[in-house]
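> Only the shape, not the letters, is given here:
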Ligand code: 5GP
């Protein structure tokens, strides 16, 4: 019988290096990255359908009404959500699925999918985070400060996750996430 895939949720404050760590981890062909939908504006270099599905508020709200969204949250005045069908199809086909979502979304997934494995990626400090966001240069100072304040609030939720990985040295953080996925793939689910 085909084994179903595992749903992994990765959260962490904006600028903590989630994208870089996940780009490495996702080189594994057994993993499927769920492309979220959002109503925020596209950043330079982003591609519709690759980084996100970029929707208008009306399109996003239509998707919510059709129950086409597994979970969603508002973040900095925009909608962010996980399209349901691709996730369910990939899990059914035996692939592990990675959701990169915020803490509100992660807690909703925990309620809806109790077998999901939740990972929190931490920056070494808020100062490092501010520095990384400034270096990325994609947001104004005002937005950066908003994101740092949000990060502070998000980090307080880290103890609700199954695993916490600190992204100080990139290679170590990648190896930690890979090790977690590997160990979870071997978990014995039979009742003991
Ligand atoms: P960004 O604007 O930096 O791409 O993302 C902002 C925040 O939205 C990040 O914390 C990211 O993890 C979160 N996010 C991205 N996609 C989703 C999603 O589908 N659902 C939820 N709940 N959060 C998401």
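Nice, I can see it. Note that this is a predicted model, so its numbers are computed, not measured.
> wait, doesn't residue 20 sit right on residue 170?
Yes - counting by C-beta atoms under 8 Å, residue 20 touches residue 170, with 6.3 Å between them. For the C-beta atoms, the positions are set from N, CA and C on the backbone; glycine is no exception.
> I'd like to know how many residues surround residue 157.
Look at residue 157: counted by other C-beta atoms under 10 Å, it has 15 neighbours.
> can you tell me which residues contact the nearest residue to residue 84 once chain neighbours are set aside?
Leaving aside its sequence neighbours, residue 84 sits nearest to residue 70 (C-beta to C-beta, 6 or more residues apart in numbering; 4.3 Å). The contact partners of residue 70, by C-beta atoms under 8 Å, 6 or more residues apart in numbering, come to 81, 82, 83, 84, 87, 109, 112.
> Out of these, which one has the lowest pLDDT?
Least confident entry in the contacts of residue 70, by pLDDT: residue 112, with 93.
> Contact partners for the closest residue to the ligand within the chain?
Proximity to the ligand, evaluated over the chain using C-beta to the nearest ligand atom, is greatest for residue 105 at 2.4 Å. By C-beta under 8 Å, 6+ apart, the contact list for residue 105 reads 9, 11, 71, 72, 73, 80, 81, 82, 99.
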